[in-house]
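S.K.: Please work out how this folds:
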Amino acid sequence: MKKENADCRIALLAHDVRSLWNVGSFFRTSDAFRVERIYLSGYTGCRPTQGISSGIHHLHRRRA
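M.R.: Residues are numbered from 1 along each chain as shown. So this is what the prediction gives:
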């Protein structure tokens, strides 16, 4: 079994990712791979508050 390399640091740059679903996927995947930092740039969407994002998510489920 290989020993974990504590010196390995990963950063993710998300540039012009318009879909909030994809941005959320970056955060979940980054958590799984222990990404140290995520940089959002360009037209990348971000949620203004957690309540707004959660409300939209539940509304989308009811329509489908």
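S.K.: From here on, just use CA atoms for contacts and neighbour counts.
M.R.: Noted.
S.K.: can you count the residues close to the nearest residue to residue 41 once chain neighbours are set aside?
M.R.: Nearest residue to residue 41, sequence neighbours excluded (C-alpha to C-alpha, 6 or more residues apart in numbering): residue 15, at 4.8 Å. Residue 15: 13 surrounding residues under other C-alpha atoms under 10 Å.
S.K.: what about residue 25, distance to residue 45?
M.R.: 12 Å (C-alpha to C-alpha, to the nearest Å).
S.K.: Which parts of this protein are helices?
M.R.: Assigned by DSSP state H, the helices in the chain fall at 20-32, 50-63.
S.K.: Which of these comes out lowest on mean pLDDT?
M.R.: When those are compared by mean pLDDT, helix 50-63 comes last with a mean of 50.
S.K.: do you know how far residue 36 is from residue 13?
M.R.: With C-alpha to C-alpha as the criterion, residue 36 and residue 13 are 11 Å apart.
S.K.: do the same with residue 37
M.R.: Following C-alpha to C-alpha, the distance that separates residue 37 from residue 13 is 9 Å.
S.K.: again, but for residue 43
M.R.: Counting by C-alpha to C-alpha, the gap from residue 43 to residue 13 is 12 Å.
S.K.: same question, residue 21
M.R.: Applying C-alpha to C-alpha, the value for residue 21 to residue 13 is 16 Å.
S.K.: cool, residue 29 as well?
M.R.: Going from residue 29 to residue 13 by C-alpha to C-alpha gives 13 Å.
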